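>>> need coordinates for the below:
(2 chains)
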Amino acid sequence: MTGSWTCGHRKNILKAIGEILMLALCSVIILPFYYLVVSTLKTQQEVALNALALPQKIYLDNFVNAFHNMEFAHAFLNTLLITGCTLVIVVVFGSMSAYAINRRRHKFYKGIMIYFLLGFMVPVQTTMVPLFILMQRLGLINRLYGIIILSSGSSTFAFFLYQGFMSTVPVELDESAHIDGASVFRTYWMIIFPLLKPITVTMAIFHVMGTWNDFLTPFLFLSSRENSTLMLEMYRGVGEFVNDWPTMMSSMIIIIAPLVIFYIFAQRFIIEGLTSGAVKG
Amino acid sequence: MKGKFCLKVEFPYLLFILPTFVAYTIFSIYPLFNSFLYAFTNWNGFNVPKFVGIKNFRTTFSDPVMIQALSNTIIYSISVPILVTLFAIPLAVILNSGMKTRNLQRAIFFFPSVPSALIMGYIWSYMLNSSSTGVINQILSFFGVKPILWLATPRLAMLSLIIVSVWGSTGWHACIYLANIQSIPREYYEAATIDGATGFKRFRYITFPMLAPSMTISVMLLLTGSLKVFDLPFSLTSGGPGYATTMVTQIIIARGVTEKLYGQATAMSTVFFFIIFVITALQIIIMKKREENLQ
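The predicted model follows:
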């Protein structure tokens, strides 16, 4: 009896040590964010003296400075608009084509599917320059709707995710709706689409994180300040405050705040959505 | 239903496909073909494009900057997936071992993938700064290490880039493996325990082989992501010192968008396209084979 007790006891101690080690590793992982937050609450002299020390007294001027020098509200709304509109387009286009291709058995659809999947082999670098020329010709450079239209081309990624999930929705549902006289369009939107919710959530998380954080596309296609996204504001801020670190880091915090708040509230949801989608897809 | 293609029946389904088909054709396939086409011309946006044969390809292969960018991209795209996989799998196993704070740990390890790579790069560029204000050097000096020029020495800059990248994506990929580990049936482990397998043996003969599907996906995401990397080197080192961390994407933007050397830039893209095509195809074939052999 006592023997098993000590054995369990030792196991508990080992477990506790393991847990402490892991938490130590966690603090190493989180260190850059701690550094970021701490630096913004100090004066530049204090940062130079000891970067990791807690601030002697909280100094908020950096935030005020940063906020005044960037068009946060404007860039936030632009980013929100781009992310939201492209999400709707990609979900609608991608899921509809996945439905058609999954439900029809003709060889033609198989061919279309292979054509769509080819896109995964095409790296952005290959199409970047011709795409830039095309966008110029279409007059879509420096237009928010230009970027939104452009992103509809990536519906094939949504198609890919939906395609894998579509077979889990029984065909009998289509058939009974059809017998009741519902059109294909109605059947899809009233009956099938609501059943695709799990994969739509995964898709939405992938898309929101990717688009919100995307720098390359707006960098290439949006030039004027009024069309600025949060990432472009960041890039501008770095150029402007190259020697004023605390102000620059404050703008970083302001810029990453929306997504971090989103993450903190929907954390479990986000991780599970992203990973289960990846494993299934 | 099979074989026959009745337009009246298929019409609504064709309409369902149409938007994706049109958008994808215009914004992906059409530029891809244009890329192949421009690569054989001397077009610079102003002149009338003239066919110049393989001249642009010769320039690409004799351009030392391009060769360096190509080799940088390859070094980066081999190291990052290997290192991330090496760290992510043990991390996933540990996160699965039922610690009290496992949810908190998972949330923290995943966290670096939330803010954009651009901002991560800027933060680390301050931390790795070689002057006394760089926090990494401050920490090292505490242990008596002299200041290290992390971002100003070519090799160390590449190493720093890889480390930051691994720091940023290991947590997310551990979560992919974790989702897979949780789907392994318990009976396998029970049977192994009866057969006397413990600890490492259980990992070696059950967990690791069962992770094959998520490994294919994780490595594919890492590989394609690393091959087209732009934001992180752009903000961390801006490609420097010299061209030590310049990646192919950055060179193509410089030649194609800034200097408007469309022919040269698209020749580079074409070469890179075939390299990526071969690498990703090989990776998928090898890993799918591996999955089949293991199951």
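>>> who touches the spatially most central residue of chain A in this structure?
In chain A, the centroid-proximal residue (C-alpha atoms, centre = their mean) is residue A:209; its distance is 0.7 Å. Residue A:209 makes contacts with A:259, A:270, A:274, B:113-114, as judged by C-beta atoms under 8 Å, 6 or more residues apart in numbering or on different chains. Heads up, the C-betas are built off the backbone N, CA and C, glycines and all.
>>> mind redoing it with 10 Å?
A:83, A:259, A:262-263, A:270, A:274, B:113-116 (C-beta atoms under 10 Å, 6 or more residues apart in numbering or on different chains).
>>> list the buried residues of stretch A:96-109.
Residues of stretch A:96-109 classed as buried: A:96-104, A:106, A:109 (neighbour count, 16 or more other C-beta atoms under 10 Å in any protein chain shown).
>>> no wait, stretch A:28-43
Neighbour counts over stretch A:28-43 (16+ other C-beta under 10 Å) mark A:29, A:31-33, A:35-36, A:38-42 as buried.
>>> state which helix of chain A is the longest.
As assigned by DSSP state H, the longest helix anywhere in chain A is helix A:2-40.
>>> any idea how far that helix is from the chain center?
With C-alpha atoms, centre = their mean, to the nearest Å as the basis, helix A:2-40 stands 30 Å off its chain's centre.
>>> wait, does it contact chain B?
Yes. If you take C-beta under 10 Å from any C-beta of the partner chain as the test, helix A:2-40 does meet chain B, through A:15-16, A:18-23, A:25-36, A:38-39.
>>> what does residue B:51 show for phi and psi?
Residue B:51 adopts backbone torsions of phi -70, psi 130, taken as degrees, to the nearest 10.
>>> state the pLDDT value of it.
Residue B:51 carries a pLDDT value of 80.
>>> and it, bridged to which residues?
Taking DSSP bridges as the rule, residue B:51 bridges to residue B:41.
>>> which parts of the stretch 101-250 of chain A are strands?
Assigned by DSSP state E, counting those that start in this stretch, the stretch 101-250 of chain A shows no strands.
>>> can you map out the helices along it?
With helices called from DSSP state H, counting those that start in this stretch, the stretch 101-250 of chain A shows them at A:107-118, A:124-137, A:144-151, A:155-166, A:171-179, A:184-186, A:193-195, A:197-212, A:216-221, A:230-240, A:245-265.
>>> identify the farthest-apart pair in the buried residues of stretch A:96-109.
Within the buried residues of stretch A:96-109, two members stand farthest from each other by C-beta to C-beta: A:96 and A:106, at 17.2 Å.
>>> burial count for residue 228?
With no chain named, the answer covers chain A. Per other C-beta atoms under 10 Å in any protein chain shown, the neighbour tally for residue A:228 reads 23.
>>> not quite, go with chain B.
Per other C-beta under 10 Å, the neighbour tally for residue B:228 reads 19.
>>> residue A:20 too?
Residues lying near residue A:20 (other C-beta under 10 Å) number 11.
>>> quick one, what contacts residue A:90?
A:151-159, A:203-204, A:206-207, A:211, B:20, B:23.
>>> CA atoms only for stretch B:103-115, dumped as CSV, please.
The C-alpha trace of stretch B:103-115 is given here as CSV (Å, rounded to 0.1, in the frame of the first residue of the first chain):
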residue,chain,number,x,y,z
ASN,B,103,-4.8,24.4,-22.6
LEU,B,104,-2.9,27.5,-21.6
GLN,B,105,0.3,26.0,-23.0
ARG,B,106,-1.4,25.2,-26.3
ALA,B,107,-2.8,28.8,-26.5
ILE,B,108,0.7,30.2,-25.8
PHE,B,109,2.6,28.0,-28.3
PHE,B,110,0.0,28.8,-31.0
PHE,B,111,0.1,32.6,-30.3
PRO,B,112,3.1,33.5,-32.5
SER,B,113,1.1,32.5,-35.6
VAL,B,114,-1.6,35.1,-34.8
PRO,B,115,0.1,38.5,-35.6
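>>> any idea how far it is from the chain center?
Its chain's C-alpha centre and that of stretch B:103-115 lie 19 Å apart, by C-alpha atoms, centre = their mean.
>>> can you name the residue of the stretch 101-250 of chain B nearest chain A?
As assessed by C-beta to the nearest C-beta, chain A sits closest to residue B:116 within the stretch 101-250 of chain B, at 3.3 Å.
>>> in space, what's closest to that residue - neighbours in sequence excluded?
The spatial neighbour of residue B:116 that comes closest, neighbours along the chain excluded (C-beta to C-beta, 6 or more residues apart in numbering or on different chains), is residue A:213 at 3.3 Å.
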